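K.L.:
for reference, the sequence and a predicted model appear below.
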Amino acid sequence: MPVADLPLVSMLRNRMQWNQTRQKVLAENVANANTPGFRARDLKAPAFRPDGSLAAALPAGFGITQTNPLHLAGSGAGSPTEERQRTRFDVVPSGNAVSLEDEMLKASENQADYQLAASLYQKSLQMLRTAVGR
């Protein structure tokens, strides 16, 4: 089996590709900050199956359940990475809804995520080389 087909390596490679694509989208948002009527876009985070492949969606019936009455009840409404609540300052006089502060925050989070994935990718390859005896 090629090294690229290992689940961990494949997941990390897919995550880095997603981060690269997201960075392009965020850069477009910043570049169009003064374009009238422009709406900021973002990418949905990829979901992975236990075998390491990308999951299109969660299986039917899969959701958040409260297993103990002392636990907080989950709403299942989404994750914190989904679109943030807009503040009253988001729409600027040009008529667009791009908040430069939000976009720069997303870009810095995206950069940190990419660096983490790249570091894990490099370390996993080093570990495989060590296991092979190189």
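P.N.:
That came in fine, so what should we check first?
K.L.:
name the nearest residue to Ala33, ignoring sequence neighbours.
P.N.:
Once flanking residues are discounted, Ala33 sits nearest to Val98: 4.6 Å by CB to CB, 6 or more residues apart in numbering. (C-beta placed from N, C-alpha, C; glycine too.)
K.L.:
and the pLDDT at the one you found?
P.N.:
Note on Val98: pLDDT of 83.
K.L.:
just give the number of residues close to it.
P.N.:
22 (other CB atoms under 10 Å).
K.L.:
distance of it from Asp42?
P.N.:
Remark: distance between Val98 and Asp42 (CB to CB, to the nearest Å) = 11 Å.
K.L.:
find residues that contact each of those two.
P.N.:
Here Val98 and Asp42 have Asn29 as joint contacts, going by CB atoms under 8 Å, 6 or more residues apart in numbering.
K.L.:
before we move on, the earlier item: quick check: the residue nearest to Ala33 is in a strand.
P.N.:
No - counting by DSSP: H, G, I helix; E, B strand; the rest coil, Val98 is not part of a strand but coil.
K.L.:
so where is the chain shaky, pLDDT-wise?
P.N.:
Along the chain, segments meeting pLDDT under 70 span 1, 48-66, 72-95.
K.L.:
rerun that using 80 as the cut-off
P.N.:
Along the chain, the parts satisfying pLDDT under 80 run over 1-5, 46-97, 134.
K.L.:
which residues in the protein form helices?
P.N.:
Here the chain has its helices, by DSSP state H, at 7-31, 100-132.
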